[in-house]
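[1] My questions concern the predicted model and sequence given below.
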Amino acid sequence: MSKTTKKEIEKLASMKVNELQAKFAEVTGETTRSPNKTFLIRRITEALQAAADEAKTTKAKGTPVDAPEAGAEADVEIDATPAGEKLTKLDVPTLQARYLEVVGRSTGSDNKAYLIWKIREAQKGRIPVGPRKSAHREGVTFKVLPLRMESELVDKLDEAWKRQGLHSRMDLFRKSLQAFLENAGEAEADVAAMLASADA
């Protein structure tokens, strides 16, 4: 990773939410209203690292652009990518078209490394695909709940919800809360029912 990229990533922690949202749009080509700094910093960092890795690989003499790092598992490009087609050899407009096919929504990003990374993540089932659902519904007020956990525990939770076939961390939290409240008895039945309705 270049010194410039490291400085960009280090600077994220001192940025305000609105600045992070703007940076998110800059590096990913997507807009977000998320006020969650941890989420914004993680996603921006991933995109910056992907861009840095792509640039490093491209500049390496005698190294095929698609070659995985030593000891790393090679990326398998499947489904929407035509047989024999290498993502790294496609131009930006073609990658944007592939992004739409694989991720299920359009993107304004012209960052080649980010587009390749996002397509591969979608192919591996690591990110949700399809049109984004609006978090804003008429007549409904939302609150963001702060939740701090050790990073090792979060990693284990991520492994758990994927093993259980859930869609996300939020899916795990909702279902866990619902199960707890259902087991708490009749007094909490209404709240459990609201969680079940929100899941649906």
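    All right, it came through fine.

[2] Could you use CA atoms for every contact and neighbour count after this?
    Noted.

[3] Mind jotting down where the strands sit in the chain?
    For the chain, strands defined by DSSP state E do not occur.

[4] Give me the buried positions along the longest helix along it.
    Ranked by residue count under DSSP state H, the longest helix found in the chain is helix 37-59. Within helix 37-59, the residues scored as buried using 16 or more other C-alpha atoms under 10 Å are 37, 40-41, 44-52, 54-55, 57.

[5] and which of those is nearest Glu182?
    Nearest to Glu182 among those is Lys37, at 32.1 Å by C-alpha to C-alpha.

[6] Which pLDDT value belongs to the closest one?
    At Lys37, the model reports a pLDDT of 89.

[7] quick one: it from Ala189, how far?
    33 Å (C-alpha to C-alpha, to the nearest Å).

[8] same deal with Thr4?
    Distance from Thr4 to Ala189, by C-alpha to C-alpha: 53 Å.

[9] quick one: contacts for the closest residue in space to Gln178 that isn't next to it in sequence?
    Closest residue to Gln178 apart from its sequence neighbours, by C-alpha to C-alpha, 6 or more residues apart in numbering: Ala192 at 4.9 Å. Contact analysis of Ala192 by C-alpha atoms under 8 Å, 6 or more residues apart in numbering lists Leu177, Gln178, Ala179, Leu181, Glu182.
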